[in-house]
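Participant: Could you look at this predicted model? Sequence included:
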Amino acid sequence: MSALHNYPLNIGVVRQQLFSLEETVTLTAAEFEAYWPHVDNLWKTRGQRREEEGRQTEYFRCRLHSEEDHKPEGGGKRVRERQKPSHTAIACPFVMRVVRHAGNVSVNRVGKVLEHIHSLDDCDRFKRPSVFRVLAVREVANGYSVAVVAKNLRAVNHSEDRRKLFAAGGKWLTSKDVHNACTTWKKQNPASKQRGNNETWQEQALEARIWLEKEGWKVEPIQAVRACDRELSDGLVFADSKRLSTLCRRGHFVLMDSTHKTNKLRWFLYTLMVRDEHGSWIPGAHILTAREDSDIVATGLKTIKRWCHNQWHLRYMLTDDSAGEQSAVRKAFPGLSAGEMEVSHLLCKVHSQRTLRKALPGEANQRCREHLMAALYNRKTKPGCEESIQAAINVAPRHQQSYVEKEWWETRVEWANYARCHSAILLQVPSTNPVESWHASLKLGVKKEMTQWSLLGSIERLANMAAQWDRKAERSEADFRSLHLSDTTFFPGMRKLPYPVQQLVLGQLQRGNELLAEGADPLPLGDELECDCLFFRQYQLPCAHMWQHEHTFGGVLEEEEVWDRFAFMFEDCGFEIYEGMGVTYSTKELGEEIGAPAKRRLEVREICDSLLQRYYRLEEAAAELSEQARDSLIARWITHLGKVTGPVRTQGVQDLLGKLPELPLKWLEGTDSQLRAEGATESQLGKRRRELAIPGGWEDDDSELEG
């Protein structure tokens, strides 16, 4: 929702001047028009406007000029079901004159009366300025409920905004005032987002598609045959090009979830979300489907893959425990069998816990739940996890043992904690809360109204909300390296870290102070300043236990070199560093063996990860063969891999760098034909090919480039 109205400068002072008129007030025409909606509750027009020689004169009398109390119709007989209160007549005789001339407006009092016989607050109590009605209507037109608009306008939880509200005449503003203003507007303007909600889904989808194309979005209708009953499922895939590029860049780890009741057709809305380089969550692409089945969702995912032109390298997908979403991911991302990176499907820990409590309720299942909870949140190794699950099976009631074995033992790689302990980013994001927050923001203040919207109305709301999230992401990008927290004064080296990273570290500093106050014994730290706690395994940053050591013994986080090590992680990158990072971090590995640039570092890790995945897949495929055949097959694969990587492993780096400077720069960049044109002989070209190990030279034609 938009922020509270930006009131004109010194609105409280100007309102008092235009009320008392102790002296003539002169304003420009623009200033008067800006101030008038804030004071029009003080005055009532008296007569018509007069014009003479380009000068316009208009008279106003005090709003409380009436000399008689209001008398209802009917002569005392009750003609209305509701009794309407009326104010006691005050009979204030004050009169104001407004003169417009040559682009200026002068306001002064007329007559013998020098002041009002009541206060400015009395006028505000009897009638509210029209500016509040305008603001309320504007927010309702944007799709917000009356209750949310009233809370925002009245600045219920913001003391500073409330002072501005009182100065602008809104001290007596009530929710009823907002409701009345919005009700009148709604009668005159039927909800635009409901228009067309009674049309067929084909007509609504066509209208939405036309609007999206006009706004520059990628959009495509989809259709799939359901495998279970061979019926057709329909849907609509759409994505903003800028956010789609973010999905391509940061699609290593993706969250997906669906929400319902966003339109009258009851179509489901799926959203794919990724975290960008600056820690902001971005809604990358969306799928609207008539049914919540895996075939239509898989078709939507394949469409998004095609839009990304093979640049979306998904490695981990995190969803809730929906079987349809899990099946859709498997169909859209077959993995190594299709020559793609293997995709690991993980389940949200929050949803897994809810399912666990629902499926195994009561005291009879308590011990079973405790063992499964340990596997869900605490167990770091596969043997330890399997031990906890087996213990849960052993203590479970007899009728529940088969359920635990089938639903939890066989799927442990999807939900158990050990399956995430190898990756920093998987430990950082254990649930689908970011995408849940996105869907909650879509429905904020309009949850009831959305159920009557057309597809186009829902998509317009989505586009507006996505633009707000974009602005937050842009602000985070601008603040990433430009802001710092004031507490970093005590640790200057901490200022080298990006702003959101400083927030994480200072949160741990506060937790370290709490541990110190509680008298907890400090945990042992490694020689390389490492800790086995969850936070350090998540972010590889100073944790609460390190701060506890610093406060207790000193010398842990004081040295500048310590902060240089942590700052080096973010020297030329942001949060994407965690996508390829394990739970241990080595400065030597990053800085000396591979090199500092993040792009090359991630590319090398991605290639190595792909090779490992292929090796593991080969071992699984060969498990059914005899031992001799299996060893032979794997040995052949390793031999072939050695031949491919042999030149890379055997050639010395210094040897390669020593040879390159012997050749002129143009010989490194030009083709054979270009060098011949410049007078190079065949013997020189032959020497160049031998130096650079080029079999046939660098020619311009595609065949030789392919060779």
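Facilitator: On my side now, so go ahead. Numbers count the residues shown, from 1 in each chain.

Participant: going forward, measure contacts between C-alpha atoms and count neighbours the same way
Facilitator: OK.

Participant: Might you report the residue contacts of Glu292?
Facilitator: By C-alpha atoms under 8 Å, 6 or more residues apart in numbering, the contact list for Glu292 reads 268, 324.

Participant: go with 10 Å
Facilitator: Contacts for Glu292 (C-alpha atoms under 10 Å, 6 or more residues apart in numbering) come out as 233, 258, 260, 267-270, 322, 324-325.

Participant: Among those, which lie within helices?
Facilitator: 324-325 (DSSP state H).

Participant: Any chance of a PyMOL selection covering the buried ones in the contacts of Glu292?
Facilitator: Selection of buried members from the contacts of Glu292 for PyMOL, criterion 16 or more other C-alpha atoms under 10 Å:
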select buried, resi 233+258+267+268+269+270+325
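
Participant: Which pLDDT does the model give Val583?
Facilitator: Confidence at Val583, expressed as pLDDT, is 64.

Participant: go on, the one 3 residues further on?
Facilitator: You'll see Ser586 listed with a pLDDT of 40.

Participant: Just give the nearest non-adjacent residue to Ala89, would you?
Facilitator: Asp69 (5.0 Å; C-alpha to C-alpha, 6 or more residues apart in numbering).

Participant: Pretty sure the one you found sits in a helix.
Facilitator: No: Asp69 is assigned coil when assessed by DSSP: H, G, I helix; E, B strand; the rest coil, not a helix.

Participant: Can you report how many residues neighbour it?
Facilitator: 12 (other C-alpha atoms under 10 Å).

Participant: How much space separates it from Ile90?
Facilitator: 9 Å (C-alpha to C-alpha, to the nearest Å).

Participant: what does Val556 give?
Facilitator: 75 Å.

Participant: Give the burial count for Tyr316, as a bare number.
Facilitator: Neighbourhood size, Tyr316 [other C-alpha under 10 Å]: 19.

Participant: who's in contact with Arg614?
Facilitator: Taking C-alpha under 10 Å, 6+ apart, one finds 335-337, 339, 341-342, 620 in contact with Arg614.

Participant: Which secondary structure state is assigned to it?
Facilitator: With three-state DSSP as the basis, Arg614 sits in helix.

Participant: got TSV for the contacts of Glu292, with pLDDT and distance to Pro221 too?
Facilitator: Shown next, in TSV, are the contacts of Glu292 (pLDDT from 0 to 100; distance: C-alpha to C-alpha, whole Å):
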residue	pLDDT	distance to Pro221
Ser233	91	11
Ser258	94	18
His260	92	19
Trp267	95	14
Phe268	95	14
Leu269	96	14
Tyr270	97	14
Ser322	88	24
Gly324	89	20
Glu325	92	19
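
Participant: Of the contacts of Glu292, which is the nearest to Ala29?
Facilitator: Ala29 has its nearest neighbour among these in Leu269, at 49.4 Å by C-alpha to C-alpha.

Participant: Tell me who's in contact with the nearest residue to His38 once chain neighbours are set aside.
Facilitator: Distance criterion C-alpha to C-alpha, 6+ apart; nearest residue to His38, sequence neighbours excluded, is Pro129 at 5.2 Å. The contact partners of Pro129, by C-alpha under 10 Å, 6+ apart, come to 36-42, 123, 168-170, 173.

Participant: roughly how far apart are Pro129 and Leu64?
Facilitator: Between Pro129 and Leu64 the computed distance is 14 Å (C-alpha to C-alpha).

Participant: likewise Lys305?
Facilitator: Lys305 is 68 Å from Leu64, by C-alpha to C-alpha.
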